[in-house]
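Trainee: Structure here, sequence nowhere to be found:
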């Protein structure tokens, strides 16, 4: 069976398999989503209208035995940024889609009524099932019901209550290995796009799936061994290394020490209380409670930076508390208690919202007087406004920028409408250049300058040096290529320092595709993907003025090192 596309027409309630076009054969992940969105979605369309499309695409090696490769890209036009968007997640849903040889699942059209549907996909076809009984319900209870109804071996994709009110901070949720709704393609509001079409769930039943076709098994096996060896060797990714021992929250103390961890809505970069919510503190607490750490987000991950956070006594598992979530719902809101952060994270998962955007939004709402900084109960009540679909909840669900403007706040940490992640660009300038210039809106994963600026991975550069165009550009190009493969972004730590690891990735791609790619082709592929995305945004009306960060970063000095964002406009414009 060759690779195929599943095209889902929500206007007609029809789903049909199509042959994958020959010129799409070497596309996967972000390469696939951005290509289809660019070709099929009018750049000036309403993101929540009939002309937008939502594309799910596993990476090229996803579904194989390649290590740490369970990534899925979701693409469309973002209701948050107004530009092209790719959000990705690590989940067995991606692996199932790949093993069913579905290179892309495209959701198009728009259901006219108020009904919501579940799309059940098997190896032989797809059917629409009425999903109205789950409208208004949280995703934790809903996932339990879905697994009970469809069997515990299926993969689930879903949108929550926030998407039902078309909130622009709504993500697309996938199940973790325990079946919890904790794996998110969170950024950019793509959950609202899915809900706008009348689609609430996608269920994958891979029974009888043929698996991923590998053109040259010998080359593939050689490649994944090289990559696996590099991952085991590098101190960040190796067993009992930083990510394996403490998860992504290992960064809390590191970034706080560098003076770049935003506290109290980006008003300072360091606070001694951050240690209370660090990866080290969290790992110790998980050990006491009987949670799970280390843990994988999808089978086959050798880094295992994930975890299952629980209440005391191992009760009521939440899922993973990522660094970004702990920062956004914690330090950024001046909340330094892991139990409170855990419950805020649970509420975000249950509602179907991106934790980064939610934390930025709550902090801006606190700045605007809706709650006091540090008040965890009040923060939970703000999220409950979304659950109740109140007018306040509907405003909050639209994200940081709209909430800030409604409340008259001037310190609004966004670019292209999307909230900043957990690094203040005044203290760490290269990540600020990425926030400003990526087509995705403020997004650390688009070009992770933290690697060389703070961690000394892939070379060492001064985080306070404003000359960062080249660093950001090279990382954005490399990341776009990596996002097409299905490998997790965290393999970058190993391949930036160990050349054989990158060779292994290229060989694994050659093994799957039957191609003759070389390491020199990687930046070419990445640049092609970025050019497609930049062209879409240009057609959508974006100009160089959209590649700018908010004024407060240039005017307000960030304690304790009193830095401002002093990267020039010329430097920003030179990135692309």
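Mentor: Happy to help now that I have it. For clarity, every value in this text was computed on a predicted model and none was experimentally measured.

Trainee: Every contact and neighbour count from this point should use C-alpha atoms.
Mentor: Will do.

Trainee: Please, where are all the strands along the stretch 201-350 of the chain?
Mentor: Taking DSSP state E, counting those that start in this stretch as the criterion, the stretch 201-350 of the chain carries its strands at 292-295, 306-311, 315-319.

Trainee: Highest mean neighbour count out of those?
Mentor: Of all the strands of the stretch 201-350 of the chain, strand 306-311 has the most neighbours on average by mean count of other C-alpha atoms under 10 Å, namely a mean of 23.

Trainee: Tell me which strands that strand pairs with, and in which orientation.
Mentor: strand 292-295 (antiparallel), strand 315-319 (antiparallel) (DSSP bridges).

Trainee: Any regions of the stretch 451-576 of the chain where pLDDT drops low?
Mentor: Scanning the stretch 451-576 of the chain for pLDDT under 70 picks out no residues.

Trainee: Can you add distance to residue 488 and mean pLDDT and give the strands of the stretch 201-350 of the chain back as JSON lines?
Mentor: Formatted as JSON lines, those follow (distance: least, C-alpha to C-alpha, whole Å; pLDDT from 0 to 100):
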{"stretch": "strand 292-295", "distance to residue 488": "15", "mean pLDDT": "92"}
{"stretch": "strand 306-311", "distance to residue 488": "12", "mean pLDDT": "95"}
{"stretch": "strand 315-319", "distance to residue 488": "19", "mean pLDDT": "95"}
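
Trainee: need those strands in CSV with distance to residue 475, can you?
Mentor: Output for the strands of the stretch 201-350 of the chain, formatted as CSV (distance: least, C-alpha to C-alpha, whole Å):
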stretch, distance to residue 475
strand 292-295, 27
strand 306-311, 24
strand 315-319, 30
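
Trainee: just to revisit the earlier point, could the strands paired with strand 306-311 be laid out in TSV, adding distance to residue 375?
Mentor: Output for the strands paired with strand 306-311, formatted as TSV (distance: least, C-alpha to C-alpha, whole Å):
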stretch	distance to residue 375
strand 292-295	28
strand 315-319	21
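
Trainee: Quick one: closest of those strands to residue 428.
Mentor: Residue 428 lies closest, by C-alpha to C-alpha, to one member of the strands paired with strand 306-311: strand 292-295, at 28.8 Å.

Trainee: next one: the closest one to chain centre, how far?
Mentor: Centre-to-centre, strand 292-295 and its host chain are 20 Å apart (C-alpha atoms, centre = their mean, to the nearest Å).

Trainee: So what touches it?
Mentor: 244-247, 283, 286-287, 304-309 (C-alpha atoms under 8 Å, 6 or more residues apart in numbering).

Trainee: Over to stretch 151-161?
Mentor: Stretch 151-161 is touched from outside by 92-93, 96, 135-139, 143, 147, 170-175, 191-192, 194-195, 200-206, 350-353, 386-387, with contacts defined as C-alpha under 8 Å, 6+ apart.

Trainee: Which of the residues in it are classified as buried?
Mentor: Within stretch 151-161, the residues that count as buried by 16 or more other C-alpha atoms under 10 Å are 154-161.

Trainee: among these, which are in strands?
Mentor: When DSSP state E is applied, those are split such that 155-158 fall in strands.

Trainee: which one of the residues you listed is nearest residue 300?
Mentor: Distances from residue 300 to those, taken by C-alpha to C-alpha, are shortest for residue 155, at 16.0 Å.

Trainee: Show me the beta-bridge partners of the closest one.
Mentor: residue 204.

Trainee: any idea how far residue 205 is from it?
Mentor: Residue 155 sits at a distance of 7 Å from residue 205 (criterion: C-alpha to C-alpha, to the nearest Å).

Trainee: Of the strands of the stretch 201-350 of the chain, which is nearest residue 184?
Mentor: Here strand 315-319 is closest among those (C-alpha to C-alpha), at 11.4 Å.

Trainee: what's that closest one in contact with?
Mentor: Residues contacting strand 315-319 (C-alpha under 8 Å, 6+ apart): 176, 180-182, 291, 307-311, 342-343, 345-346.
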